[in-house]
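> Sharing a model that was predicted from the sequence below.
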Amino acid sequence: MRALVVYESMFGNTERVARTVADELSRSMEVDLREVSQAQAAIHDLADMVDLIVVGGPTHAFSLSRPSTREEALGRGATQGSAEVGVREWLEALPCGPHSESLATFDTRVTKVRHLPGSAAKKAERISRSHGYPRALSRESFYVADVNGPLLPGELDRAREWGRDLALRVADLAEGRRQSQAT
Ligand SMILES: Cc1cc2nc3c(=O)[nH]c(=O)nc-3n(C[C@H](O)[C@H](O)[C@H](O)COP(=O)(O)O)c2cc1C
């Protein structure tokens, strides 16, 4: 089984979550972890050959980032990422389906506005569904203390649990497909 984990991160927090999730998935699957600007080729090389795609990014303005919000992040001291390429652009470039592989989305967001609706993970799911992906297997938010982080205590443990749960669900789905083909 194979997974592709694609992330966008400007202050490093989403990257830490993505690495933790990828590490947990790699206990039972072959995992390709890519920063979004390095993931363009993966759209065509891998997208239809993996069992699971995990996409994560920071919530900006209640949604996935845009060039303008990434520009703002750079102005606020972000040390990685770029204004040009983000998860929104990556998802919008995906070929239209139907696609059969499972997909899961996550984001990081600031804890003090956690009651407000709208998140990068929700928007990522919406774009992927419009490209023919099934409903997300799971969608999760991980919380940071402020715009530049850090992640709240316990969030990387939660990311590890989330990765473990995803791996189990993908294995269950594969087993279900195998059994229905056998009958
Ligand atoms: C321009 C901008 C807009 C943001 N808007 C939101 C928001 O609407 N809701 C929220 O919870 N966090 C918001 N944040 C905080 C980000 O979610 C936070 O910077 C991110 O989780 C850090 O992840 P990273 O280290 O991977 O970049 C915003 C940050 C920036 C720079």
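Nice, I can see it.

> And residue 60, its phi and psi?
phi -120, psi 130 (degrees, to the nearest 10).

> I should have written residue 58 there, sorry.
Backbone torsions of residue 58, given as degrees, to the nearest 10, read phi -80, psi 140.

> Repeat that for residue 155.
phi -70, psi -30.

> Count the residues that sit near the residue nearest to it when sequence neighbours are not counted.
Spatially, and ignoring its direct neighbours in sequence, residue 155 is nearest to residue 142 (4.7 Å; CB to CB, 6 or more residues apart in numbering). For glycine as for every other residue, the C-beta is placed from the backbone atoms N, C-alpha and C. For residue 142, the tally of surrounding residues (other CB atoms under 10 Å) stands at 25.

> Please name the bridge partners of residue 144.
Here residue 144 sits in beta bridges with residue 110, residue 151, as judged by DSSP bridges.

> isn't it right next to residue 153, touching?
No - Residue 144 is not in contact with residue 153 according to CB atoms under 8 Å; the separation is 11.4 Å.

> Neighbour count: the two, which is higher?
residue 144 (23 against 8).

> Give me the nearest residue to residue 78, chain neighbours excluded.
Residue 78 sits nearest to residue 10 (CB to CB, 6+ apart), 3.7 Å away.

> Can you give me every residue that contacts the one you found?
Residues in contact with residue 10, defined by CB atoms under 8 Å, 6 or more residues apart in numbering, are 58, 65, 70, 73, 74, 78, 79, 80, 81.

> Residue 35 versus the last one, what's the distance?
In this structure, residue 81 lies at 8 Å from residue 35, with CB to CB, to the nearest Å as the measure.

> out of the two, which sits in the more crowded spot?
A direct count of neighbours by other CB under 10 Å for residue 81 and residue 35 places residue 81 higher, at 25 against 16.
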